[in-house]
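Visitor: When you get a sec, could you give me coordinates for this:
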Amino acid sequence: MKHLFLIFLSFCCYALVQAQLPLAYDFPEKPQSACYEQDAAKCYRLVENQARYLLSIVKPWHDDNRYKLLTATKSGEEHITRPNTGAIAIFCFLHRFGDYSEREVGVSRQVLLNDYIIPMMRYVLSVHKTGDKTFDDGKQWGRSWQSAHWTHQLGQGAMSVWNVLPEDIRAGVLRVVRAEADEIASKNPPYNLTVDSKSEENAWNAGALSAALMLMPGDARVPVWQEALQRWLLSAYLCPNDADKEILIDGRPLKDQFEGANIYNDYTLETHGLVHPDYMTACTLKGEVMIDFLATGRPMPDACMYNIDHIYEQLKILLLPSGGFVYPTGQDWAIFRHCDWTNMHAFCLYYYNDPEALHWLRVTLDVIDRMQRRHADGRIYAPHENDFPSSQTLCGLGLADTWKMLMLAKPVTEARPRPTVAKIYPDGKFFIRKTGTAVHTVAWGKKIQFQALSQSKDPLVAPDWQN
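Guide: The predicted structure follows:
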């Protein structure tokens, strides 16, 4: 009887320990469809080269090699956000997955872990609001605008290398992720149709909740995080027409879950006062949550990819032969930002088996490859080509997402897009007509603009404000 009790006690202890462990996080090492092997190999090489550049700008914090970063030590978005947590996620991806080349990256996987991943994680964790240090400006990060997004990058990275992380780093990751997930779970998703859609923000806020569910599947807060995750995911890309739909989303009629809209009925959205294709691609933030479910073998909420197919159909109409977009109402970002939507094509290739997505993915990878070949150090953007602080880390993150999708995508035959199209967007207030040789757009909303572009791979027009 005593032996039975000890066996039972051992089983209970084992079950308790297992409940506290993160979920298993994995992807195949080779594409399940051989037709993507060359695409995946190119994608992985691009990540390796970009990582080599990022490693060259990592530095100790105040000459202390236990803490490392690649920015100034300040509390602004450009210092703590994607430049550091994004680089951590890239390095963790390379440490765990793929046919790693020490020659391409410049360091061994062990050095990557010990000399870069762990010190960078230690820095990010220590200056969080749950940590014991501050930036040089006396502030900390966390529980604020966009911090859920940074947390998701940190969490995805940690999931990739969890088994080789020191105990203090593991504890710090759980501490930060729990705090950020609880912060988002305590709030209601915002909605806005004009000037500044909340679609991107709602999608990235879902990321912290997704990270918590992966890292702490046995936590008492799991039901709260699950409900909040579904709500934030669904809120991101609802349109007014969804208010009356009877379709079941995660077991409930959509109309009973509708709280507001963030995109127009024509599946465009407005950000920065523009109908902005770049922000339409921010639906990839929901795709990054999809990765969490795929990597951990869990069924994905219906809310995760709801309406993304409709948004992607509009984006394909706005794509030019170069893989960049035409901007009917103007744009306020850098051009040749192909890295920022590589994963959009990959997500739609995987989830919708879209043969046009494969075409655009290959076009985009080719442009990125040519951009990177300009630089011996592996960077993709030249200095001042894209001044957004996290532009270089976004390159590697989107490519890592793309590699993961290529591992799982079903085989499709690449299809070129329709050569001609004419469409009016009544909510976006613009018209586009594409022929085999030209693209014309007319916008009559807040920004009145007329454009005529050649259907060539060398775009000659960039509709910046006041251009």
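
Visitor: give me the low-pLDDT residue ranges for this structure?
Guide: Residue ranges of the chain with pLDDT under 70: 1-20, 78-81, 465-467.

Visitor: ok, residue 51 touching residue 94?
Guide: Yes - taking contacts as Cβ atoms under 8 Å, residue 51 lies within contact range of residue 94: 5.7 Å. Glycine gets a C-beta too; all of them are placed from N, C-alpha and C.

Visitor: shared neighbours, these two?
Guide: Counting by Cβ atoms under 8 Å, 6 or more residues apart in numbering, the common neighbours of residue 51 and residue 94 are residue 105.

Visitor: just the strands in the stretch 251-400 of the chain please.
Guide: In order along the chain, the stretch 251-400 of the chain carries the following strands (DSSP state E, counting those that start in this stretch): 252-253, 270-271, 274-275.

Visitor: Could you spell out the sheet neighbours of the second one, each with its direction?
Guide: Spelled out, that is strand 270-271. Here strand 270-271 is paired, per DSSP bridges, with strand 274-275 (antiparallel).

Visitor: ok now the strand it pairs with, how far from the chain's centre?
Guide: Offset of strand 274-275 from its chain centre (Cα atoms, centre = their mean, to the nearest Å): 21 Å.

Visitor: Stretch 223-230 now?
Guide: On Cα atoms, centre = their mean, the centre of stretch 223-230 falls 20 Å from the chain's centre.

Visitor: now residue 278: how far from residue 160?
Guide: 28 Å (Cβ to Cβ, to the nearest Å).

Visitor: Those two: who's more crowded?
Guide: Neighbours were counted for residue 278 and for residue 160 using other Cβ atoms under 10 Å; residue 160 has more, 25 against 20.

Visitor: for the stretch 1-150 of the chain, what spans make up the strands?
Guide: 59-61, 64-69.

Visitor: May I ask you to confirm that residue 220 belongs to a strand?
Guide: No - going by DSSP: H, G, I helix; E, B strand; the rest coil, the assignment for residue 220 is coil, not a strand.

Visitor: For residue 143, see how far away it is.
Guide: Per Cβ to Cβ, residue 220 is found 20 Å from residue 143.

Visitor: With neighbour numbers in mind, choose between these two.
Guide: Set residue 220 next to residue 143 and count neighbours by other Cβ under 10 Å: residue 143 wins out with 17 against 7.

Visitor: Without its sequence neighbours, what residue ends up closest to that one?
Guide: residue 183 (4.6 Å; Cβ to Cβ, 6 or more residues apart in numbering).

Visitor: And for residue 206?
Guide: Going by Cβ to Cβ, 6+ apart, residue 206 has residue 232 as its nearest residue, at 4.1 Å.

Visitor: Is that neighbour in a helix, a strand, or coil?
Guide: The assignment at residue 232 comes out as helix when based on three-state DSSP.

Visitor: what's the distance between residue 454 and residue 328?
Guide: Distance, residue 454 to residue 328, by Cβ to Cβ: 16 Å.

Visitor: more crowded one of the two?
Guide: residue 328 (29 against 14).

Visitor: That one contacts residue 444, doesn't it?
Guide: No - the criterion here is Cβ under 8 Å, and residue 328 misses it with residue 444 at 10.0 Å.

Visitor: what touches both of those two?
Guide: Taking Cβ under 8 Å, 6+ apart as the criterion, residue 328 and residue 444 both touch residue 430.

Visitor: roughly how far apart are residue 264 and residue 284?
Guide: Taking Cβ to Cβ as the measure, residue 264 falls 19 Å from residue 284.

Visitor: repeat for residue 88
Guide: According to Cβ to Cβ, residue 88 and residue 284 sit 19 Å apart.

Visitor: out of the two, which sits in the busier spot?
Guide: Neighbour totals were compared for residue 88 and residue 284, and residue 88 leads with 29 against 23 (other Cβ under 10 Å).

Visitor: Skip the chain neighbours and tell me the closest residue to that one.
Guide: In this structure, residue 88 finds its nearest non-sequential neighbour in residue 157, 4.6 Å apart by Cβ to Cβ, 6+ apart.

Visitor: Return the residues in contact with the one you found.
Guide: Here residue 157 is in contact with 85, 88-89, 91-93, 117, 121 (criterion: Cβ under 8 Å, 6+ apart).

Visitor: just residue 288 next, same as before
Guide: 152, 156, 207, 343, 401.

Visitor: likewise residue 350?
Guide: Residue 350 sits next to 405, 408-410 when contact means Cβ under 8 Å, 6+ apart.

Visitor: residues touching residue 182, list them.
Guide: So, once contact is read as Cβ under 8 Å, 6+ apart, residue 182 ends up touching residue 221.

Visitor: distance of the residue nearest the centre of the chain from residue 239?
Guide: Ranked by distance to the mean C-alpha position of the chain (Cα atoms, centre = their mean), the top residue is residue 285 at 4.4 Å. Distance from residue 285 to residue 239, counting by Cβ to Cβ: 18 Å.

Visitor: same thing with residue 340?
Guide: From residue 340 over to residue 239 (counting by Cβ to Cβ), the distance is 23 Å.

Visitor: same thing with residue 316?
Guide: Distance, residue 316 to residue 239, by Cβ to Cβ: 18 Å.

Visitor: So the two - more neighbours on which side?
Guide: residue 239 (22 against 18).

Visitor: Who are the contact partners of the more buried one?
Guide: Taking Cβ under 8 Å, 6+ apart, we find residue 239 in contact with 261, 263-265, 267, 307.

Visitor: Repeat that for residue 204.
Guide: Residue 204 neighbours (Cβ under 8 Å, 6+ apart): 146, 148-149, 152, 285.

Visitor: circling back to that earlier point, between the contacts of residue 350, which sits nearest residue 296?
Guide: Using Cβ to Cβ, residue 408 comes nearest to residue 296 of the contacts of residue 350, at 13.2 Å.

Visitor: For stretch 177-190, what is the distance to the chain centroid?
Guide: Taking mean C-alpha positions (Cα atoms, centre = their mean), stretch 177-190 and its chain are 19 Å apart.
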